[in-house]
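Peer 1: take a look and give me a structure for this.
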Amino acid sequence: MLREVGAPLVVEDVELAPPGEGMVAVRMAATGVCHTDLSVRDGTIPQSLPAVLGHEGAGTVTELGPGVTTLAVGDHVVLSWMAPCRRCFFCLAGQPELCEHGIDHAFAAPYGTANGDPLWCALGTGTFAEATVVPESATIRIEPDFPLEMAALLGCAVVTGVGAVVNTAGVSPGETVAVIGCGGVGLAAVQGARLAGATVILAIDRIAAKLDLAIANGATHTVGASADDPVATAREITAGRGVDHALEVVGLSSTVEQAYALARRGGTVTVVGAGAGDDVVSIPAMSLLADAKRVQGSVYGGTDPARDIPRAVTLARTGALDLERLVTRRSALRRDQRRVRGHERRRGRPDPDRVPPTSDEASERSGE
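Peer 2: Numbers count the residues shown, from 1 in each chain. Here you go, the predicted model:
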């Protein structure tokens with residue numbers, strides 16, 4: 001959990017509240033590590049504290065709150081930080097990723113206590129723990145034979161990256177794509193471009209090891225942003241025009257402006273990275289008129305969790321989506337044998353003796 005902005009995360013025992021109306025308790029099996037978690041820790045994204053971080057994970061339903069009708073105890077689920085209400089303007093307009101109430105649960109009330117302090121969960125999910133409590137609409141049931149460790153990555157990184165390419169940018173077969181930032185979301189975007197049939201997929205990052213990962217995930221070309229000129233490289237491999245689609249997956253004004261320069265006249269710039277509120281992007285007004293480029297944001301990859309997470313499972317089963325390529329490291333939640341206290345213990349359910357490993361998506365500084 002995070003107790004102070006900028007402070008290291010600490011491991012503590014917590015007391016979870018039992019699931020209330022429309023809520024479910026989930027025993028976590030694995031969680032991914034996303035750059036957004038770092039943005040919460042650093043204060044870029046505001047969050048009530050103390051809070052358990054983590055917003056993409058998978059696990060098993062252990063208890064149902066009143067009114068829950070679509071799940072049963074024992075179901076395997078992927079957690080989505082966006083819990084669409086299906087009733088607001090945006091949900092009814094086919095944009096559940098913009099739901100007016102999709103993260104209300106993150107601010108409605110503390111979901112537990114830690115040493116007597118009210119405890120919150122980041123983005124209403126709190127996956128950096130052995131258990132959590134989330135809304136029914138934040139859970140997507142999957143088949144029990146699909147590995148939960150891989151399913152954890154579907155809650156954010158995969159659907160955000162692939163969705164930014166397929167849903168938001170709408171990349172078509174034969175088009176050219178550049179992806180700035182090869183963290184977990186950026187690598188998923190590279191895979192999305194491959195799935196979409198892009199003929200050129202240019203991966204850009206400052207870290208050489210991430211460019212190697214990008215090649216493994218389907219990039220056709222790479223460029224090191226620290227030493228080389230990505231714009232010159234993009235024009236060299238596109239007959240001097242620039243790419244059809246430039247995706248920014250870092251969250252900095254400088255890389256958004258670079259993405260704009262990478263796109264050809266009439267091309268599309270899709271901003272995926274979570275930037276700071278005071279980091280202002282500057283684009284020449286004449287260029288907007290003369291070059292007819294389109295600049296757009298992408299929230300959660302335009303994802304409808306109920307639609308896109310099952311699709312991602314299907315793509316992973318067929319091998320079209322390679323989730324294992326997105327995992328660079330696995331680590332355990334080291335707890336010194338501490339265990340979660342809460343409604344499961346109070347109701348006489350034993351805690352497991354071992355904490356399952358987590359999945360790390362290689363997102364670090366140049367991730368989501």
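Peer 1: how close does Leu288 sit to Asp279?
Peer 2: 20 Å (CB to CB, to the nearest Å). To be clear about C-beta, it is placed using only N, CA and C from the backbone, and glycine gets the same treatment.
Peer 1: same deal with Pro230?
Peer 2: 20 Å.
Peer 1: what of Val295?
Peer 2: 15 Å.
Peer 1: so who does the one residue sitting closest to the centre of the chain touch?
Peer 2: For the chain, the residue nearest the mean C-alpha position is Cys156 (2.7 Å; CA atoms, centre = their mean). Each residue near Cys156 by CB atoms under 8 Å, 6 or more residues apart in numbering is listed here: 32, 34, 36, 55-56, 80-81, 185, 300, 368.
Peer 1: can you check Leu92 too?
Peer 2: Arg86.
Peer 1: ok so, going back, neighbour count: Pro230 and Asp279, which is higher?
Peer 2: The neighbour count for Pro230 versus Asp279, taken as other CB atoms under 10 Å, is higher for Pro230 (23 against 12).
Peer 1: wait, that one touches Ala263, no?
Peer 2: No: using CB atoms under 8 Å, Pro230 is not in contact with Ala263; the gap is 11.8 Å.
Peer 1: where do the contact lists of those two overlap?
Peer 2: With CB under 8 Å, 6+ apart as the test, Pro230 and Ala263 both reach Ala178.
Peer 1: distance between stretch 192-208 and the chain's centre?
Peer 2: 18 Å (CA atoms, centre = their mean, to the nearest Å).
Peer 1: for it, buried residues please.
Peer 2: Across stretch 192-208, burial judged by 16 or more other CB atoms under 10 Å covers 192-196, 198, 200-205, 207.
Peer 1: picking that back up, residues near the residue nearest to the residue nearest to the centre of the chain when sequence neighbours are not counted, how many?
Peer 2: Leaving aside its chain neighbours, Cys156 sits nearest to Glu56 (3.7 Å; criterion: CB to CB, 6 or more residues apart in numbering). Counted with other CB under 10 Å, the neighbours of Glu56 add up to 32.
Peer 1: Glu56 contacts Met82, correct?
Peer 2: No: contact status for Glu56 versus Met82: not in contact, 11.1 Å apart, counting by CB under 8 Å.
Peer 1: what about Thr36, distance to Ala193?
Peer 2: 22 Å.
Peer 1: try Leu323
Peer 2: From Leu323 to Ala193 the distance is 16 Å (CB to CB).
Peer 1: Val272 now?
Peer 2: If you go by CB to CB, the gap between Val272 and Ala193 works out to 13 Å.
Peer 1: same thing with Asp205?
Peer 2: 15 Å.
Peer 1: next, give phi and psi for Asp104.
Peer 2: According to degrees, to the nearest 10, the main-chain angles of Asp104 amount to phi -60, psi -40.
Peer 1: who's in contact with it?
Peer 2: Here Asp104 is in contact with Gly124 (CB under 8 Å, 6+ apart).
Peer 1: before we move on, what about Leu98?
Peer 2: Taking CB under 8 Å, 6+ apart, one finds 90, 299 in contact with Leu98.
Peer 1: ok, Thr255 next?
Peer 2: 180-181, 248, 273.
Peer 1: what is the nearest of the residues you listed to Val133?
Peer 2: Nearest to Val133, judged by CB to CB, of the contacts of Thr255 is Gly273 at 29.5 Å.
Peer 1: surely the closest one and Ser254 touch.
Peer 2: No: Gly273 lies out of contact with Ser254 (CB under 8 Å); the separation is 11.1 Å.
Peer 1: neighbour-wise, which of the two wins?
Peer 2: Shown here are Gly273 and Ser254; by other CB under 10 Å, Gly273 has more neighbours (26 against 13).
Peer 1: need the pLDDT of the nearest residue to that one once chain neighbours are set aside.
Peer 2: Closest residue in space to Gly273, ignoring its immediate chain neighbours: Gly251 at 3.1 Å, by CB to CB, 6+ apart. pLDDT recorded at Gly251 is 90.
Peer 1: checking Gly251 next. Helix, strand or coil?
Peer 2: coil (DSSP: H, G, I helix; E, B strand; the rest coil).
Peer 1: same thing with Val179?
Peer 2: Val179 ends up strand, using three-state DSSP.
Peer 1: quick one: the nearest residue to Ala72 once chain neighbours are set aside from Leu154, how far?
Peer 2: Spatial nearest neighbour of Ala72, chain neighbours left out: Val61 (6.9 Å); criterion: CB to CB, 6+ apart. Counting by CB to CB, the gap from Val61 to Leu154 is 17 Å.
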